[in-house]
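A predicted structure for the sequence below; I have some questions about it.
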Amino acid sequence: MDPDNQTKVSVFILGGIPNTARFPFLFFIIFTVIYSLTVLGNLLILVTVVVEPHLHGLPMYFFLCNLSLLDTCLSSVTVPQILVSFIAPSYRAISFGGCVLQLYAFHFLASTECFLYTVMAYDRYLAICRPLNYTTLMNRRISLGLVTGTWLTGSFHAAIHTSLTFRLPYCGPNRVNYFFCDIPPVLKLACADITVNHAMIRINIALVGTGCFLLICISYAYIASAILKIQTMEGRHRTFSTCSAHLTVVLLYYSPSIFIYMQPASSHAMYGMLAVFYAIITPMLNPFIYTLRNKEVKRALRKLIIGCLISEKNISLGY
């Protein structure tokens with residue numbers, strides 16, 4: 001039947017997270033804790049870097065602030081709606097326009113994060129391999145320009161995929177077998193051939209995902225070479241510690257995301273679990289990884305907490 005003669009879909013029904021229907025209240029508590037830790041952890045890093053003069057002047061921590069902001073927003077795109085669906089399953093409906101906006105916002109933030117990881121790897125390369133020229137090659141103006149470029153490129157990238165997804169007619173089933181509007185599950189509902197869209201997804205992975213990952217690998221190959229030239233084990237450990245947190249979060253980010261978009265026909269349960277890790281768990285883990293593996297952040301955070309406790313004590317004593 002011609003899609004033009006069929007009723008257009010005005011509302012999508014989100015399927016939710018696999019294997020959570022039997023214990024909705026339990027999963028509501030779990031995801032509330034995850035979301036709270038994500039927001040509080042990332043906001044704490046933002047505040048710590050902003051209030052510490054010796055941190056907010058360094059490009060590395062300027063990039064980290066942007067990463068924390070992205071993680072907070074990325075989690076906020078999906079988790080609040082998931083929490084509502086746990087306590088009120090009838091509210092799993094999302095309007096067509098809301099689905100468009102959610103898909104765009106998610107891919108805007110996720111792709112911006114992808115580009116930012118590449119910039120952060122380049123920053124570590126300059127700091128370790130070109131230390132004498134670092135302040136010239138990565139000054140405030142350049143770092144601001146790089147961050148602005150990642151946000152603008154992410155927005156453009158998301159706009160392309162959103163327009164390609166929703167230029168198709170949607171006139172039949174409206175149940176999205178997923179916990180938010182993402183490209184592969186939404187495309188399955190289209191009343192048209194989606195071969196071009198799947199080809200674009202793979203091209204996107206090849207050019208953007210793999211391209212950024214390759215640039216990160218090249219940066220770390222140079223970093224590894226520079227570290228191996230350091231004579232002492234203590235010097236090697238100290239140098240590697242400045243980039244180990246970034247390397248960890250890059251692996252956590254890329255491993256599930258590449259599988260998700262390279263295998264859009266994978267099982268619903270497997271796809272859902274990988275996406276939960278990629279879209280919800282990783283933004284929660286990032287601030288803890290940076291806090292635990294970065295001495296400067298730990299020191300500044302400890303100073304901030306002690307300062308807050310002392311101020312609270314002085315207030316309670318009437319000073």
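Cool, the structure landed.

Could you list every helix and strand in contact with the longest helix seen in the chain?
Assignment by DSSP state H gives helix 96-129 as the longest helix of the chain. With contacts taken as 3 or more Cβ pairs under 8 Å, 6 or more residues apart in numbering; DSSP states H and E, helix 96-129 sits against strand 11-14, helix 59-87, helix 134-137, helix 140-166, helix 183-187, helix 210-228, helix 233-262. C-betas here are computed from N, CA, C, even on glycine.

Next, the angle helix 210-228 makes with it.
Interaxial angle of helix 96-129 relative to helix 210-228 (axes from the mean of the first three to the mean of the last three Cα atoms, to 10 degrees): 20 degrees.

could you give the angle of helix 96-129 to helix 233-262?
Using the same axes, to 10 degrees, the inter-axis angle of helix 96-129 relative to helix 233-262 is 150 degrees.

next one: helix 96-129 to chain centre, how far?
Distance of helix 96-129 from the chain centroid (Cα atoms, centre = their mean, to the nearest Å) equals 7 Å.

buried stuff in that helix?
96, 99-100, 102-129 (16 or more other Cβ atoms under 10 Å).

likewise stretch 147-154?
Going by 16+ other Cβ under 10 Å, stretch 147-154 has these buried residues: 147, 150-151, 154.

hmm, who's touching it?
Here stretch 147-154 makes contact (Cβ atoms under 8 Å, 6 or more residues apart in numbering) with 62-63, 66, 108-116, 119.

go on, stretch 55-73?
Contact partners of stretch 55-73, identified using Cβ under 8 Å, 6+ apart, comprise 38-39, 42-43, 45-46, 48-50, 105, 109, 112-113, 116, 119-120, 123-124, 127, 138-140, 142-144, 147, 150, 242, 282-283, 286-287, 290, 296-297, 300.

Please identify which helix or strand holds Ile289.
Following DSSP states H and E, one finds Ile289 within helix 282-293.

ok, Thr162 touching Tyr104?
Yes. Counting by Cβ atoms under 8 Å, Thr162 does reach Tyr104; the two are 4.3 Å apart.

Quick one: classify the spatially closest residue to Pro173 that is not a sequence neighbour as helix, strand or coil.
Excluding its sequence neighbours, the residue lying closest to Pro173 (Cβ to Cβ, 6 or more residues apart in numbering) is Leu189, at 5.5 Å. For Leu189, the assignment made with DSSP: H, G, I helix; E, B strand; the rest coil gives coil.

Who are the contact partners of Phe28?
83, 86-87 are the contacts of Phe28 under Cβ under 8 Å, 6+ apart.

Can you give me the separation between it and Met284?
16 Å (Cβ to Cβ, to the nearest Å).

do Leu187 as well
Per Cβ to Cβ, Leu187 is found 28 Å from Met284.

okay, those two: which has more neighbours?
Between Leu187 and Met284, counted using other Cβ atoms under 10 Å, Met284 has the larger neighbour count: 21 against 18.

shouldn't that one be in contact with Ile34?
Yes. Met284 lies in contact with Ile34 (Cβ under 8 Å); the separation is 5.3 Å.

and for the two, which residues touch both?
Common neighbours of Met284 and Ile34 (Cβ under 8 Å, 6+ apart) do not exist.

That's all I had, so thanks and see you.
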